[in-house]
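*Asks:* Predicted coordinates and the sequence they were generated for:
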Amino acid sequence: MEQIRQRRMQELMAKQGGGGGMPISQEDQQDKEEQARALEEQRRTMLKAVMSNEARERLSRIALVKPEKARAVESMVLGMAQRRQITSKVSEEQLVSMLEQINEQTGGSKPKITIQRRRYNFDDDE
């Protein structure tokens, strides 16, 4: 949990320091990229600790299609872990309920699928 606090502090510090207007050197850019990679790796490690394998697999499949929704679920899970609301690993069923909550919050409706079949005109006159 302390790692989450440190990561968030680093993110806030990076956001505040990013708007200086000074040109960014190559070395500074590489440092920022390295920090971002380290933060992302730390995030993945924390998610691995609080989520079951099935839930992580499902979340990774969701991330392929809707990365913003997967990121929101990850943030929700990490926030719950930080507040110690998670007592056991998050299961796939719990993940589905979190997805439904996020879907309701964003006002997303169920996708509508329309199937259009091609119609062939067969001439019987031949």
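*Replies:* Happy to help now that I have it.

*Asks:* quick check: longest helix of this structure.
*Replies:* Criterion DSSP state H: the longest helix present in the chain is helix 26-50.

*Asks:* looking at this, Arg118 is in a helix?
*Replies:* No. Counting by DSSP: H, G, I helix; E, B strand; the rest coil, Arg118 is not part of a helix but coil.

*Asks:* what's around it, how many residues?
*Replies:* Arg118 has 4 neighbours, counted by other CB atoms under 10 Å. All C-beta atoms are positioned from the backbone trio N, CA, C, and that covers glycine.

*Asks:* Can you list the low-confidence ranges for the chain?
*Replies:* Within the chain, the stretches with pLDDT under 70 are 16-24, 108-111, 121-126.

*Asks:* can you give me the helices in this structure?
*Replies:* 2-17, 26-50, 53-65, 67-82, 92-105.

*Asks:* Just name the most buried of those.
*Replies:* helix 67-82 (a mean of 16; mean count of other CB atoms under 10 Å).

*Asks:* ok, back up a step: give me the contacts around the longest helix of the chain.
*Replies:* 3-4, 7, 10-11, 14, 24, 56, 59, 74, 77-78, 81, 86, 89-90 (CB atoms under 8 Å, 6 or more residues apart in numbering).

*Asks:* tell me the angle of it relative to helix 53-65?
*Replies:* Put simply, helix 26-50 runs at 140 degrees to helix 53-65, going by axes from the mean of the first three to the mean of the last three CA atoms, to 10 degrees.
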